[in-house]
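Chemist: With the input below, show me the fold.
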Amino acid sequence: MSLSATFIVPGDPGQRTGGYLYDARIVDQLRALGWSVEVIGLEGRFPDADGTARRSMEQALAAVPDGQAVVIDGLALGGVPEAVTAQSGRLDLTALVHHPLADETGLSPALRTRLLASEARALAACRRVIVTSPFTARRLGVLGLDPRPPAVIEPGVEPAALAGPVADRLAGRESGGCERLLCVASLTPRKGQDILVQALAALVDRDWHCVLVGSTRRDAEFAARVRRAIDEAGLGARIECVGECGHQALSAEYHRASLCLLPSHYEGYGMVVAESLARGLPLISTTGGALADTAPADCCLRCAPGDVEGFRSALQRWFDDGALRHRLVRAAVGRRNGLRDWPAAGSAFSAALREVPA
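Modeler: Purely as a prediction, here's the structure:
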């Protein structure tokens, strides 16, 4: 039997955020399993959809043959319930939800209310719902977005070599030199880089260098604010904003790092956790959203979202306590073999698409 599907995402499908990378990896795995998959990137503004976005979704769905499987990324789905509902009778629609739209940081109360209502209507038009974490599954119920139990398909990760500083520490080589810190996330309010800069500004007497990897275009105003904070703290030589990186450049940054940082206010999963653990890298993370579940306590120092002092304290413990560093490194390395790979995630996704809901 021929298997075919259409994936619909907002904007350029090649964007290098966690959600887009998840979608792309799943598409690759479905193709490896014999699916024919077309990926469509929509024009317009999402998730608070404008007229261009609505027309783009209408045209994309209208072009899909009757009965075909269509997977719509939640960022594109939730703001256009009318377009989705109009096609629900003839297409096999699946919602792929990374996190509820209303959970985005910085929304006005009016916009949050509007997104809750529109996402609930759009989800109701879909035959099935797939989420990327147990947290998001619970969150859909808490917010009253969809009463059905969704399929939970967590991200996979590629096997990777140990990061250089990790291998050194396992071999008993503690250089006592500069700690290289890595934060991988688009510069947007939800990712909390402003919190990180404040925490590091209180630790200028420690030896560290921090690299911020992630797009500065998704919220140019916030990215500019983070850069100003870096300059005002006199940290321009110690905190690098390198922008969005391709796969090889990002892998090189991971390999040079000794510690990964997630100051996020909220994550629907937090793929950086798995990418870090695949290299044996410990983390300092908030407990925002799914991070309370996905960032393991045995290899991660954790604090509440938005807690500058908590993040500063965790960083100070890392800098000052060699025994703690070794304990966290050993625990992170011990997590590597238990990580799910992308073929397993792809197989689960394929099975979910083929399942006929009750």
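Chemist: residue boundaries of the strands in the stretch 1-150 of the chain?
Modeler: In the stretch 1-150 of the chain, the segments counted as strands under DSSP state E, counting those that start in this stretch are 3-10, 35-42, 69-73, 92-97, 128-131.
Chemist: in stretch 35-51, what counts as buried?
Modeler: Within stretch 35-51, the residues that count as buried by 16 or more other Cβ atoms under 10 Å are 35, 37, 40, 41, 42, 44, 46, 47, 49. For the C-beta atoms, the positions are set from N, CA and C on the backbone; glycine is no exception.
Chemist: Make CSV from those residues and add pLDDT and distance to residue 137 to it.
Modeler: Below are those laid out as CSV (pLDDT from 0 to 100; distance: Cβ to Cβ, whole Å):
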residue, pLDDT, distance to residue 137
35, 98, 24
37, 98, 24
40, 98, 26
41, 98, 27
42, 98, 26
44, 97, 28
46, 96, 22
47, 95, 20
49, 97, 25
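Chemist: circling back to that earlier point, any chance of TSV for the strands of the stretch 1-150 of the chain, columns distance to residue 180?
Modeler: Formatted as TSV, the strands of the stretch 1-150 of the chain follow (distance: least, Cβ to Cβ, whole Å):
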stretch	distance to residue 180
strand 3-10	33
strand 35-42	35
strand 69-73	33
strand 92-97	34
strand 128-131	34
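Chemist: if we can go back for a sec, so which of the buried residues of stretch 35-51 comes closest to residue 146?
Modeler: residue 47 (16.2 Å; Cβ to Cβ).
Chemist: hang on, that closest one packs against residue 99?
Modeler: No. If you go by Cβ atoms under 8 Å, residue 47 and residue 99 don't touch, sitting 11.0 Å apart.
Chemist: what sits against residue 31?
Modeler: Applying Cβ atoms under 8 Å, 6 or more residues apart in numbering, one finds that residue 31 lies in contact with residue 37.
Chemist: quick one: it and residue 151, what's the gap?
Modeler: 20 Å (Cβ to Cβ, to the nearest Å).
Chemist: And for residue 230?
Modeler: Separation of residue 230 from residue 151 (Cβ to Cβ): 42 Å.
Chemist: Of these two, give the one with the bigger neighbour count.
Modeler: More neighbours surround residue 230 than the other of residue 230 and residue 151, with 23 against 19 (other Cβ atoms under 10 Å).
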